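Q: the sequence isn't on hand, but the structure is:
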């Protein structure tokens, strides 16, 4: 009898346990667990749009609870994985950046990704705010981007002009003009030689800018490396600003070029002067002036890079395609050669050598103060776009 009671009580316990497990299973079937959705982020290193999505979009999705899987499509396995997604969604686009949300959505390109995020945020705000009219004003990040893009155009124009009147560039040009005047070059020939020299400076500086720009874009595929590079650049800009102000003060007090810290090394100056002398001794002044412009621009980049490299960083942060940053570079280099052209035109119209030397001395003080102010402003612009 006792064994029977034990068996019955055990059976009742088993039934209760089975009932409990069945209830749990029913609840689980009725309410699926809230598992975080996955996002497959396909990108290419050195891609502006990819860097933007990684910096602006991915952190938002991560904060919303999405699990982010990153795939560099330069890797063959990752590229084949992307192709399988494209086939799955019958997508024939050729973008550099993609997001695959779970198994239900594929977003191709920066524009589509950004629009999806904006629509998603808009739906959230409409659900959260019980009003008939949804807010339509731009968010603070969008307004800030618009303002900094406008400032980019102004800063490129100012930077190009300041780079053109940089004492490194200006004094070298005055030296060339003085040699041409001493060699009794005719005004028309001097203007042609000057135009040839300026064209060489423009083309060389433009090509050099393309190379530096492509190098800088390598950092844009690595957010933290880019951030480190930009903060180092900001620190250098502030140091250059202080040194520029000190140079202006020292030169005003002494009038001696040796008192200036930020200038070309003496060895490079000697090489440049030798190139200039060879130009004036040649029978073919115009082509020789072009060659001299190429060589001198490359040598002077040691000095002019103080302005050029930070501006290239700003261009890389603001540009959204090949046509945009090429336009930026062309615009910058046009502003760069304007002071050089005006100087040659002034000599062609009759300006004398003493007037040029006096102008060159005044230019050192003005240019150093202007460069110091601009270095501070430029560091602020880069901070705004971090």
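A: Looks like it came in fine. Remember, it's a predicted structure, so these values are computed and weren't measured experimentally. Numbering: from 1, shown residues only.

Q: just want the most central residue of this protein.
A: residue 316 (2.1 Å; Cα atoms, centre = their mean).

Q: that residue: which element?
A: helix 285-318 (DSSP states H and E).

Q: now the helices for this structure?
A: Counting by DSSP state H, the chain has these helices, from start to end: 2-30, 48-52, 58-63, 76-88, 109-128, 140-164, 167-182, 187-217, 223-254, 266-281, 285-318, 322-348, 353-384.

Q: tell me which other helices or strands the second one touches.
A: Pointing back at helix 48-52 there. helix 109-128 (3 or more Cβ pairs under 8 Å, 6 or more residues apart in numbering; DSSP states H and E). From N, CA and C alone the C-beta is placed, and that goes for glycine too.

Q: mind listing what's buried in the helix it packs on?
A: Judged by neighbour count (16 or more other Cβ atoms under 10 Å), helix 109-128 contains these buried residues: 109-110, 112-114, 117.

Q: same question for stretch 280-296.
A: For stretch 280-296, by 16+ other Cβ under 10 Å, it's 280, 285, 288-294, 296.

Q: now, which of those sits nearest residue 101?
A: Proximity to residue 101 was ranked across those by Cβ to Cβ; first place goes to residue 294, at 51.9 Å.

Q: wait, doesn't the closest one sit right on residue 204?
A: Yes - the criterion here is Cβ atoms under 8 Å, and residue 294 meets it with residue 204 at 4.8 Å.

Q: what's the neighbour count on residue 234?
A: 20 (other Cβ atoms under 10 Å).

Q: how deep is the spatially closest residue to it that is not a sequence neighbour tucked in, by neighbour count?
A: Distances taken as Cβ to Cβ, 6 or more residues apart in numbering put residue 379 closest to residue 234, at 4.7 Å, once the chain neighbours are dropped. Using other Cβ under 10 Å, residue 379 has 20 other residues around it.

Q: same check on residue 301?
A: Count around residue 301 with other Cβ under 10 Å applied: 18.

Q: about what we covered before: kindly indicate which of the buried residues of helix 109-128 lies nearest residue 366.
A: The closest of the buried residues of helix 109-128, once distances to residue 366 are taken by Cβ to Cβ, is residue 110, at 42.5 Å.

Q: look up the closest residue to that closest one, ignoring the ones flanking it.
A: Closest to residue 110 by Cβ to Cβ, 6+ apart is residue 49, at 3.9 Å.

Q: wait, that neighbour sits on residue 109?
A: Yes - if you go by Cβ under 8 Å, residue 49 and residue 109 touch, sitting 7.0 Å apart.

Q: isn't residue 60 up against residue 117?
A: Yes - with contact defined as Cβ under 8 Å, residue 60 and residue 117 form a contacting pair (6.6 Å).

Q: got the angle for the helix holding residue 316 vs helix 167-182?
A: Interaxial angle of helix 285-318 relative to helix 167-182 (axes from the mean of the first three to the mean of the last three Cα atoms, to 10 degrees): 170 degrees.

Q: pull the distance from helix 285-318 to the chain's centre.
A: The chain centre lies 18 Å from the centre of helix 285-318; the measure is Cα atoms, centre = their mean, to the nearest Å.

Q: repeat for stretch 369-380
A: Worked out by Cα atoms, centre = their mean, stretch 369-380 lies 18 Å from the chain centre.

Q: any chance of the helices of the chain in JSON lines, plus distance to residue 40 and mean pLDDT?
A: Output for those, formatted as JSON lines (distance: least, Cβ to Cβ, whole Å; pLDDT from 0 to 100):
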{"stretch": "helix 2-30", "distance to residue 40": "28", "mean pLDDT": "47"}
{"stretch": "helix 48-52", "distance to residue 40": "14", "mean pLDDT": "81"}
{"stretch": "helix 58-63", "distance to residue 40": "11", "mean pLDDT": "84"}
{"stretch": "helix 76-88", "distance to residue 40": "7", "mean pLDDT": "85"}
{"stretch": "helix 109-128", "distance to residue 40": "13", "mean pLDDT": "78"}
{"stretch": "helix 140-164", "distance to residue 40": "25", "mean pLDDT": "68"}
{"stretch": "helix 167-182", "distance to residue 40": "50", "mean pLDDT": "79"}
{"stretch": "helix 187-217", "distance to residue 40": "24", "mean pLDDT": "86"}
{"stretch": "helix 223-254", "distance to residue 40": "18", "mean pLDDT": "85"}
{"stretch": "helix 266-281", "distance to residue 40": "52", "mean pLDDT": "82"}
{"stretch": "helix 285-318", "distance to residue 40": "27", "mean pLDDT": "83"}
{"stretch": "helix 322-348", "distance to residue 40": "27", "mean pLDDT": "83"}
{"stretch": "helix 353-384", "distance to residue 40": "32", "mean pLDDT": "80"}
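
Q: on that earlier part again, who touches both of residue 49 and residue 109?
A: 95-97 (Cβ atoms under 8 Å, 6 or more residues apart in numbering).
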